[in-house]
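Participant: coordinates only, sequence not included:
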């Protein structure tokens, strides 16, 4: 399927965020177009994760506008962002450790489940049909990410690489239009990275999901992303296609260090 | 070789999502339920029905209520006794003051009153967690028992503060013998246990466990924390309230507010620690274990083994055994008897082969 990059769906304008006297983000603007893979890179402490936290409402910026799908907002709670179709994964895996893989992914669909607890207590008629219908969709995601053999395993018992994949599955279960990935390949070996790259590209191409990702592996970022934003000390110092960013002297100076 | 699921294929998600997906489990469970309903009321003596089986069921229900809140939703509570007291006193007052109110309606209204009180004392959970939340529920424990003693209206101005349960009559049928009371308790507890299992395996239970395991991630995937926590408090307190009603009506017959003190809350907390946090089965195992242990020790003391133990030690043996067991479970097996049972089943699947 040919990829189609559409209009801007997320526009961040002059975002500033500070914690007390510490400025995490200063006057940052960039946009994300529908269907693209947008990377955010930068040295440690550059404000990349803070940026994602601003987008899905965990942090509230002191200044700036966020326009998502034509709607402007200043503050939003995380679950409102989820309801609008923004899903994410975390840098340090944030799975529900006591639950099985299947239950974790099912939890990702909670916003689409309409039956209240009284129906659920009966587990009869509509409630049962709803569970089965969502189970079917979850099984499709399990097939997509090739984790069939571990679906009944408690997440806490899985190795790191698989936990990352389950977290991606849980985010996909919400059928998001915008997917935020915070270092999806951190701590993985080459083979696991290749798998994860393939899954990210498959999600983008086959499901048409717009992806914003933070990643430190430059090879990966340059290979899979359409456009790259570069942050340093909470300021934007570069923005554009990978080739352009790679050759930008300011970016090389800040990120790769002098002498490269 | 006996406990093996080879050859049991699931052809639909419905079959895969049933409560007991393994056939052997279903057979054992059906046999247990049949024994509880058909054999026990006739085979067991009045003493066993009244002083052992009925309280095991009542405490299992209270432990189940606490387990929904603490084991599933991760909110520690020390107010279980108080919520039971609300259930018992509210049921008593509804039946007393509304003439001709059916018993079951009074019991449910008692449960709903406990749920309402539970939600009020659950409000601090929106801001505090863990030990600090336990302190807030401890306040509920002391406040409610104090209020029930302080205002004689609750006990209908009885001079001793004791309430005496009215006769239980459902559709003209009187539940007045231990066997009948046991059966009534068994029906109510079975239905509520089934409902709890259903809650646990559907979206409601998953939301609770998500909040327990990682509340930030839960919020990010769209679970409203406030609603989920308060629902856990409401459902849990409802269960405790019904358990309190049964405690007064089918078990003891007469209760006073002081009987619902902190000791009772701790007893139920121990039940879910020993039985297993976050498991419906654990509530039953824990309640049965803690209530049967003194009975078992007593029997043991009257055999030849008991003669070897000095009398001064024998009187304290129960406390010693409890203390040791609590420490043992907290250190060695925090998931309690349920986990031991699961390990046993996994071993049994392979038996007689080592791998």
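Facilitator: It's in. Since we're looking at a predicted model, the values are computed, not measured. Numbers count the residues shown, from 1 in each chain, chains lettered A, B, ... in the order given.
Participant: ok, for residue B:36, nearest residue in space, not its chain neighbours?
Facilitator: Spatial nearest neighbour of residue B:36, chain neighbours left out: residue B:186 (5.9 Å); criterion: CB to CB, 6 or more residues apart in numbering or on different chains. Bear in mind the C-beta positions are built from the backbone N, C-alpha and C, glycine included.
Participant: check contacts around the one you found.
Facilitator: Neighbouring residues of residue B:186 by CB atoms under 8 Å, 6 or more residues apart in numbering or on different chains: B:36, B:37, B:57.
Participant: closest to residue B:162 among those residues?
Facilitator: Using CB to CB, residue B:57 comes nearest to residue B:162 of those, at 23.3 Å.
Participant: so the closest one touches residue B:191, yeah?
Facilitator: No. Applying CB atoms under 8 Å, one finds residue B:57 not in contact with residue B:191, separated by 11.9 Å.
Participant: Compare the two and say which is more crowded by neighbours.
Facilitator: Each of residue B:57 and residue B:191 has its neighbours counted (other CB atoms under 10 Å in any protein chain shown); residue B:57 has more, 27 against 11.
Participant: Report the contact partners of that one.
Facilitator: B:182, B:185, B:186, B:189, B:246, B:287.
Participant: most neighbours, which of those residues?
Facilitator: Neighbour-wise, those (other CB under 10 Å) top out at residue B:246, 29 neighbours.
Participant: tell me the phi and psi of the residue of the stretch 151-260 of chain A found nearest chain B?
Facilitator: The nearest approach of the stretch 151-260 of chain A to chain B comes at residue A:174, 6.4 Å away (CB to the nearest CB). For residue A:174, the backbone dihedrals are phi -80, psi 0 (criterion: degrees, to the nearest 10).
Participant: Just the pLDDT at residue B:142, thanks.
Facilitator: You'll see residue B:142 listed with a pLDDT of 95.
Participant: thinking again about what came up before, return the member of the contacts of residue B:186 nearest to chain A.
Facilitator: residue B:57 (19.2 Å).
Participant: ok but the closest one is inside a helix, no?
Facilitator: Yes. With DSSP: H, G, I helix; E, B strand; the rest coil as the criterion, residue B:57 is part of a helix.
Participant: Strands of the chain, start to end?
Facilitator: No chain specified, so I'll use chain A. Using DSSP state E, the strands of chain A run over A:8-19, A:22-33, A:37-41, A:63-68, A:71-73, A:86-88, A:178-182, A:210-214, A:227-232, A:235-240.
Participant: nope, chain B
Facilitator: B:162-164, B:169-170, B:173-174, B:254-256.
Participant: Identify whichever of those lies nearest to residue B:24.
Facilitator: strand B:169-170 (36.2 Å).
Participant: List the contacts of residue 240.
Facilitator: With no chain named, the answer covers chain A. Going by CB under 8 Å, 6+ apart, the list of residues near residue A:240 reads A:227, A:228, A:248.
Participant: ah, I was thinking of chain B
Facilitator: Counting by CB under 8 Å, 6+ apart, residue B:240 has contacts B:62, B:65, B:66, B:80, B:83, B:84, B:87, B:114, B:118.
Participant: If you count residues, where's the longest helix of chain A?
Facilitator: Secondary structure assigned by DSSP state H gives helix A:126-144 as the longest helix of chain A.
Participant: hang on, I meant chain B
Facilitator: helix B:178-201.
Participant: ok, now which ones touch residue 131?
Facilitator: You didn't say which chain, so I picked chain A. Residue A:131 neighbours (CB under 8 Å, 6+ apart): A:123, B:17, B:202, B:203.
Participant: Oops, wrong one, chain B.
Facilitator: Contacts of residue B:131 (CB under 8 Å, 6+ apart): residue B:76.
Participant: can you check residue A:84 too?
Facilitator: Residue A:84 touches A:68, A:69, counting by CB under 8 Å, 6+ apart.
Participant: and if we set it to 10 Å?
Facilitator: A:56, A:57, A:68, A:69, A:71, A:73, A:76, A:176, A:177, A:178, B:222 (CB atoms under 10 Å, 6 or more residues apart in numbering or on different chains).
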